[in-house]
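Visitor: model this:
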Amino acid sequence: QVSVVESGGGLVQPGGSRRLSCVASGSSISIAIMNWYRQAPGNERELVARIGSSGSTTYADSVKGRFTISFDNAKNTVYLQMTNLKPEDTAVYYCNAVYTTPWGIGLYDDWGQGTQVTVSS
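Guide: Numbering: from 1, shown residues only. Below is the predicted model of the structure:
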């Protein structure tokens, strides 16, 4: 069983910054990819940012230049640094861990419960 836990959400004023964290913990897992998704009311869940084990990153067009994803391999922790936040960034942000295990074949993935980010004055 792998635990994925996000933290760092809250209320932020437009133009402000916030850093989200996500820890993926489990016995002997090896992280392949860490993703941040978000879902606003009435919208589908969308990919915000992705980081691979090699350090390669992908961003949604809507957050390029404003959000930065990073990964601490030693802590199995992914961060999402969000700057110049806009009201349209308001959503529940979900962390998704994609990993391998010593006892299984292929990739597995687990999701966190989500953390609410509200951008409002």
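
Visitor: Tyr37 is in contact with Val48, isn't it?
Guide: Yes - between Tyr37 and Val48 there is a contact under C-beta atoms under 8 Å: 6.1 Å. Using the backbone N, CA and C atoms, a C-beta is placed for each residue, glycine as well.

Visitor: pLDDT weak spots in this protein?
Guide: Scanning the chain for pLDDT under 70 picks out nothing.

Visitor: about what we covered before: list the residues that contact both of Tyr37 and Val48?
Guide: Tyr93 (C-beta atoms under 8 Å, 6 or more residues apart in numbering).

Visitor: Quick check: most distant residue from the centroid of the protein.
Guide: Farthest-out residue of the chain from its mean C-alpha position, per C-alpha atoms, centre = their mean: Trp103, at 25.9 Å.

Visitor: What is the burial count for the residue nearest to Phe67 when sequence neighbours are not counted?
Guide: Here the nearest residue to Phe67 in space, its sequence neighbours aside, is Met82; by C-beta to C-beta, 6 or more residues apart in numbering that works out to 5.1 Å. Met82 has 25 neighbours, counted by other C-beta atoms under 10 Å.

Visitor: Who does Met82 form a beta bridge with?
Guide: Taking DSSP bridges, one obtains Arg18, Phe67 as the residues bridged to Met82.

Visitor: Surely it and Gly15 touch.
Guide: No - Met82 lies out of contact with Gly15 (C-beta under 8 Å); the separation is 11.3 Å.

Visitor: List the beta-bridge partners for the residue sitting nearest the centre point of the chain.
Guide: When C-alpha atoms, centre = their mean is applied to the chain, the residue found nearest the centroid is Trp36 (2.7 Å). Beta bridges link Trp36 to Ala49, Cys95, judged by DSSP bridges.

Visitor: Next, the contact list for it, please.
Guide: 20, 22, 47-50, 69, 78, 80, 93-96.

Visitor: Could you tell me which of those residues count as buried?
Guide: Leu20, Cys22, Val48, Ala49, Arg50, Ile69, Val78, Leu80, Tyr93, Tyr94, Cys95, Asn96 (16 or more other C-beta atoms under 10 Å).
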